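1. 3D model of this:
(4 chains)
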4 protein chains.
Amino acid sequence: MVRVVVLGQGYVASIFASGLEKIKSGELGYYGVPLANELPVKVEDVEIVGSYDVDSSKVGRDLYEVVRLYDGNAPESLRSVVIRKGVHLGSLRNLPIQATGLDDEMTLSEAVERLVSEWKELKPDVFVNVCTTEAFVPFESREELEKAIAENRKERLTATQLYVYAAAKYAKEVGGAAFVNAIPTLIANDPVYVELARESNLVVFGDDGATGATPLTADILSHLAQRNRYVLDVAQFNIGGNQDFLALTDKERNKSKEFTKSSIVEDLLGYNAPHYIKPTGFLEPLDDKKFIAMHIEYISFNGAHDEIVITGRINDSPALAGLLVDLVRLGKIAVERREFGTVYDVNAFYMKNPGPREAKNIPRIIAHEKVRMWAGLKPRWL
Amino acid sequence: MVRVVVLGQGYVASIFASGLEKIKSGELGYYGVPLANELPVKVEDVEIVGSYDVDSSKVGRDLYEVVRLYDGNAPESLRSVVIRKGVHLGSLRNLPIQATGLDDEMTLSEAVERLVSEWKELKPDVFVNVCTTEAFVPFESREELEKAIAENRKERLTATQLYVYAAAKYAKEVGGAAFVNAIPTLIANDPVYVELARESNLVVFGDDGATGATPLTADILSHLAQRNRYVLDVAQFNIGGNQDFLALTDKERNKSKEFTKSSIVEDLLGYNAPHYIKPTGFLEPLDDKKFIAMHIEYISFNGAHDEIVITGRINDSPALAGLLVDLVRLGKIAVERREFGTVYDVNAFYMKNPGPREAKNIPRIIAHEKVRMWAGLKPRWL
Amino acid sequence: MVRVVVLGQGYVASIFASGLEKIKSGELGYYGVPLANELPVKVEDVEIVGSYDVDSSKVGRDLYEVVRLYDGNAPESLRSVVIRKGVHLGSLRNLPIQATGLDDEMTLSEAVERLVSEWKELKPDVFVNVCTTEAFVPFESREELEKAIAENRKERLTATQLYVYAAAKYAKEVGGAAFVNAIPTLIANDPVYVELARESNLVVFGDDGATGATPLTADILSHLAQRNRYVLDVAQFNIGGNQDFLALTDKERNKSKEFTKSSIVEDLLGYNAPHYIKPTGFLEPLDDKKFIAMHIEYISFNGAHDEIVITGRINDSPALAGLLVDLVRLGKIAVERREFGTVYDVNAFYMKNPGPREAKNIPRIIAHEKVRMWAGLKPRWL
Amino acid sequence: MVRVVVLGQGYVASIFASGLEKIKSGELGYYGVPLANELPVKVEDVEIVGSYDVDSSKVGRDLYEVVRLYDGNAPESLRSVVIRKGVHLGSLRNLPIQATGLDDEMTLSEAVERLVSEWKELKPDVFVNVCTTEAFVPFESREELEKAIAENRKERLTATQLYVYAAAKYAKEVGGAAFVNAIPTLIANDPVYVELARESNLVVFGDDGATGATPLTADILSHLAQRNRYVLDVAQFNIGGNQDFLALTDKERNKSKEFTKSSIVEDLLGYNAPHYIKPTGFLEPLDDKKFIAMHIEYISFNGAHDEIVITGRINDSPALAGLLVDLVRLGKIAVERREFGTVYDVNAFYMKNPGPREAKNIPRIIAHEKVRMWAGLKPRWL
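-> Next up is the predicted model:
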């Protein structure tokens, strides 16, 4: 069994919970789960044992009631889990949500203790972090991180940064755990955290789940690179109506994207073609089904000038939720193999910003074969 | 040096000739040539030593005069080659072109003798076949093929089928040659021809150069397959204004596509998703720059329904011409290695319908790494 | 009240019936009905009193059972109408449907008598023709038409051509009726039929309901024309999965499109820009929701070269069904005003091929204002 | 003759000058000029007699040298005009341009005097304002405007606001002139300026030339409105590489768009469908040829859900430059008719934000017919 604790019971976590139950009940197939049921750890073995949130309208309610807000067909079997209070550390600032968190009631050190103690009861194998996108600043050193917690500097840490710290403490005590960081906050790309994970029997996968147009852009750029076409420019927009897009209209949060290596274009093409790749707007009626548009211009043989345009309507949360079904199982496998720290072969396929920091993007189609091999499966086409 | 004889001096062959000269003169970089100048055989080593056509307005003129019809910037250095008379065997039927061919003046056996004898003077290493799309019927056996030639059954063979036969004869006599079949007529997928090639010291690469939307579709389908998304349907149109599109409006020619394994969808997805993938129309002002449109619907996690649309303006001939710059060099390498018959590792990346017959399509992004390895280059991402 | 008889109880007729009932019950608003409820004849006044089909699996069943095949939410109130047997005259040839028709049992003259006699009981004000697209040949003269019927030449007439003849007979006897021809068979564009209508107290609206991409193309071309941009070419594809697309894969039917004035491009631009505007393929999973793609290139000021591409997913049948809600009411109004023959001011907005034959296409946005004025409504923007 | 003074010799003004000369020399037709040469005032009658800019690298150079920066085929005939120094009032703030202006050397009142005196020599009939998009604040009253000038409050006015003031003074003295405001600064929508114009024998056309995707969006929304389709949402992006896009990345300037009535959606649909309509990004290699993408979702009959997507590559400056060729001629006509103040019938077709303030947007296709009628031409389709 894979015991999972979810951090941030929003759209993605709710679709994850709902889809998982529907697969178990036989109502749905494995669509959208990259490795389907090929892994030795089965989809049916995954169990959500705990869920944390900081929206005061969610804390204390059962999972079914919350999931139902996002999926009209939520299964009743979700009733058994009750949403617990996590930490917010200002992560809901500027969003139309009433936040409540352990950090409102106690110091950061106390909050860490509380979480670790709850987890020792819940016994998760894997944590899945799907909090709202945060405005974060990476840490320079372990000392800086530990000092910020000790001094209760709530404005210095984000919820994610505290959760990973607590997860490391928990992993050290229980002998091993995995933390899947599906949001942009740098964890698998932050040497301080990777080092902390390695020393604490923690596996971290991250950062920023590879959904939306970015992985498709990656494969299309790889396609062009392999034909030695010279890319003149790339423009990519997204517009959506879920809370993640609303959060991104917040300037502070957007700025934190600066710490992200946006080197996907350079990694794949071998040169930094001019590009504009951004989530662009919030338009509520689109809800979770975002509209994407991408334009690529390039030079082909004999100086010919070509253009391609990709547009799409893509359900944002299911795309990520499907990846999580693999990631929690791969996390369990990594823990069993004691591959603590981070695992590039997993990150390269599943993450927009695959850690560790010095790692590069590779074509997703190749990354997929690599993660299969890492997981002990036969490659499909290699 | 790689000595090249071109069969069919139309748009593709003209862009190939023009671009090659411009690369040699330093006017252009290697854009659109997948392996750029990484191979031991250099782009600068490629030389067009002969060219055949059956358009009476082209035969007898020099290459510069013909290339200029397709590329206003044709280099003067092309003056040294004069277009020779090939065989047409009805291949220009229903096109607004006055055909003239050796087959109008002599029997098929005599035409073969004539070609072989000319080639023994021209000493090509590689033939590049870029004739107009033909209405062909594959041969059941070597006997059937040889009998048809012996009996001078001009309605039974296409120009390509006769050219390969002659090329095999030539290869046998001189010790080795390569034939790049860039059009849909089945050669590398026809066991009769592959066997003939193997016995005659001929390498055949084929069939149907992988340009246009198809390889991109292949990589996008691979992308979806790797995420286990369930493809509901695929629609793909092309509309263009060059002679190839005009030829495809001819019902007979289109029918010959029936012999093509259109299994790309099934090969890559693992099931035969309903699809409509066709060149659709001729619209003259589009000229060589075709308009493509593709629509794909699929099911993602938790039953979510996504759609992507790709549109593009793509120069048809340069895309194929750039591939030819690799293929003639790879042909030379294969001859040197004496890998007679056909070479799947080359075909898988460069051909729409990669021979041999029993071979399957694989993602192009992976095929690219394989051809690099076959050619002795380091893979880029594996 | 507007009493309506439907000819051809397929997708469009079923959505028409279903939507109408849902509007009456207050379940739906007037969306998709161009004139909403502004006309003196109210949407709630429209009543389907009869329906004809030739699919043996439909004839004799009640309307609810048939509508349910196309709309899962069909209202039970449709139970009261039973599908009657019409004429097929080969119209289902090559389609996977078992046809049954009055013409299998009696001569054409007898079938006309039978229909007129049934209609005198049903007392329709308006006929709506939404039969499957037919392979037709227009008539040269009234004599030719009447002779073909008298001589029982079943291969000479299509179902539509016979239905209009019968409707004219009925209208003459009862003093007035309207016939809405929503399919491509030329009726309002055929002087023989318009003359017959005029003499018989029949109003005909037609031909070919203006749905799908064509009216949008019309307005976009008008937009370009008004800025004096020079259109270089227009390519437009449709691919769908309903029976109408299946029927169009049939060469014979497609050929009948030749009689259509495809002069929309010339009418609106003032010159015949090269264009390729066609339904292109059948792809079953698309069902009634077709995929359209359109590409337009033009020259702007100072020789600048611009391009626009429009793609869409459009429900085919509701688009036409919504127009029918107006057309039956306008038909009733025309009969009341005794405007027998055909009415260009109505056709220009609602029809792809607006009759009479000598009439031209105008921008739909202007045609809309004209039909409002014809109907006695205030223009919206003029 | 129409004597024109241009304010802001950037991309648009340069294409305007270049295209005009090429039309005169017979090199180009009237493409992109909506009224072609139908007006009594001929295109050949338009003459650029003066040009102002504040880019220190342009002031003092001749028009040919500047136009050549934007159009490689600039005609030599442009040599006779020399760029004069205008006012900048901070309008180039945050742009990579060295500004120089009369306002650096003298008070605002003195600058107005200087301009009026120069214009009395140049004798323009029409001013064309194509300055860089400005961060402006409208004036509450004439007093406030005049006081700001008298007190030399350079931070209070934009270049445009000062230019119109000077143009009004000039018009009053010479008996009449027209001012075409092709940028977003509110002039024709500002009652203070319209009143000033009326009293000063000045015609103002404005505001913000209707180019790019907006007029197309307007006609497409009209198309949907006329079919009573219920628009759920509209998303529209633009990304370009010219200086106008660079300027829009500046937050301050963007904020000034707040004063714009973005009521196009509500004006045409009759309700305020949720929308996100914005220029979105700067991507230098796109240069003047911007990429647009638009997504519209709507409800059709029987509750059907449709979507359309429009993408395009559109040359930004020629689209506006072509409109200017009409606008200067219409300005001359308005002055001759003494229709001082502003003219809605002109603005409604040519402007994104048609003044006066209380006016609404109407479908462009109808606006076109109205401006034809205003200009004394026959409508094309009414």
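
2. Using the three-state scheme, assign A:Lys172.
-> State at A:Lys172, reduced to three classes by DSSP: H, G, I helix; E, B strand; the rest coil: helix.

3. confidence score at it?
-> Here, the pLDDT recorded for A:Lys172 equals 98.

4. Distance of it relative to B:Trp381?
-> A:Lys172 sits 36 Å away from B:Trp381, going by Cβ to Cβ, to the nearest Å. (Glycine included, C-beta is placed from N, CA and C.)

5. Ok, A:Ala166 next?
-> 36 Å.

6. shouldn't A:Trp381 be in contact with B:Asn361?
-> No. Using Cβ atoms under 8 Å as the test, A:Trp381 is too far from B:Asn361 to be in contact (9.5 Å).

7. Counting neighbours, go ahead and name the busier of these two.
-> More crowded of A:Trp381 and B:Asn361, by other Cβ atoms under 10 Å in any protein chain shown: B:Asn361, with 25 against 22.

8. quick one: pLDDT of the more buried one?
-> 90.

9. How about the secondary structure of it?
-> Going by three-state DSSP: B:Asn361 is coil.

10. hey, where'd the helices end up in the stretch 101-250 of chain A?
-> A:108-122, A:142-150, A:159-174, A:191-199, A:213-226, A:243-248 (DSSP state H, counting those that start in this stretch).

11. typed the wrong thing, it's the stretch 251-382 of chain A
-> A:251-256, A:264-269, A:316-337, A:344-350, A:364-374.

12. what does stretch A:283-292 contact?
-> Surrounding stretch A:283-292, the residues in contact under the criterion Cβ atoms under 8 Å, 6 or more residues apart in numbering or on different chains are A:11, A:70, A:212-213, A:236-242, A:245, A:310-318, D:232-233, D:235, D:274-276, D:295, D:297, D:309.

13. which of these count as buried?
-> A:11, A:70, A:212-213, A:236-242, A:245, A:310-318, D:232-233, D:235, D:274-276, D:295, D:297, D:309 (16 or more other Cβ atoms under 10 Å in any protein chain shown).

14. Among those residues, which ones lie close to chain B?
-> When contact is defined as Cβ under 8 Å from any Cβ of the partner chain, the buried ones among the contacts of stretch A:283-292 meet chain B at A:Ile310, A:Thr311, A:Gly312, A:Arg313, A:Ile314, A:Asn315, A:Pro318, D:Val309.

15. contacting residues for the third one?
-> So that's A:Gly312. A:Gly312 touches A:Ala213, A:Phe291, A:Ile292, B:Asp306, B:Glu307, B:Ile308, B:Val309, counting by Cβ under 8 Å, 6+ apart.

16. Show me what it is bridged to.
-> A:Ile292, B:Ile308 (DSSP bridges).

17. Domain parsing of chain A, as residue ranges.
-> What automatic domain parsing lists as the domains of chain A is A:2-209+A:318-374, A:213-315.

18. Based on its surroundings, how many neighbours for A:Phe282?
-> Around A:Phe282 there are 18 residues (other Cβ under 10 Å).

19. mind listing what it touches?
-> By Cβ under 8 Å, 6+ apart, the residues touching A:Phe282 are A:Ile239, A:Gly240, A:Gly241, A:Phe245, A:Leu246, A:Leu248, A:Thr249, D:Tyr276.

20. Kindly recompute the last result at 10 Å.
-> A:Ile239, A:Gly240, A:Gly241, A:Asn242, A:Gln243, A:Asp244, A:Phe245, A:Leu246, A:Ala247, A:Leu248, A:Thr249, D:Tyr276 (Cβ atoms under 10 Å, 6 or more residues apart in numbering or on different chains).

21. Which residue in those residues has the weakest pLDDT?
-> Lowest in pLDDT among these is A:Thr249, which has 75.

22. burial of that one, as a residue count?
-> Neighbours around A:Thr249, by other Cβ under 10 Å: 14.

23. Over in chain A, which residue gets nearest chain D? Let me know.
-> Distance from chain D to each residue of chain A (Cβ to the nearest Cβ) is smallest for A:Ala293, at 3.7 Å.

24. Now that residue. Nearest residue, chain neighbours left out?
-> D:Ala293 (3.7 Å; Cβ to Cβ, 6 or more residues apart in numbering or on different chains).

25. I figured that neighbour hits D:Tyr276, correct?
-> No. The criterion here is Cβ atoms under 10 Å, and D:Ala293 misses it with D:Tyr276 at 11.4 Å.

26. Now do the buried residues in stretch A:51-61.
-> Taking 16+ other Cβ under 10 Å as the criterion, stretch A:51-61 shows A:Ser51, A:Tyr52, A:Asp53, A:Val54, A:Asp55, A:Lys58, A:Val59, A:Arg61 as buried.

27. no wait, stretch A:170-189
-> A:170-172, A:176-189.

28. same deal with stretch A:96-114?
-> By 16+ other Cβ under 10 Å, the buried positions in stretch A:96-114 come out as A:Ile97, A:Ala99, A:Thr100, A:Gly101, A:Leu102, A:Asp103, A:Leu108, A:Ala111, A:Val112, A:Arg114.

29. so how far is that stretch off the chain centroid?
-> Counting by Cα atoms, centre = their mean, to the nearest Å, stretch A:96-114 is centred 22 Å from the centre of its parent chain.

30. And what about the closest residue in space to A:Asp71 that isn't next to it in sequence, helix, strand or coil?
-> In this structure, A:Asp71 finds its nearest non-sequential neighbour in A:Ser18, 4.5 Å apart by Cβ to Cβ, 6+ apart. Here A:Ser18 takes the helix state, with states given by three-state DSSP.

31. Good, we can wrap up now.
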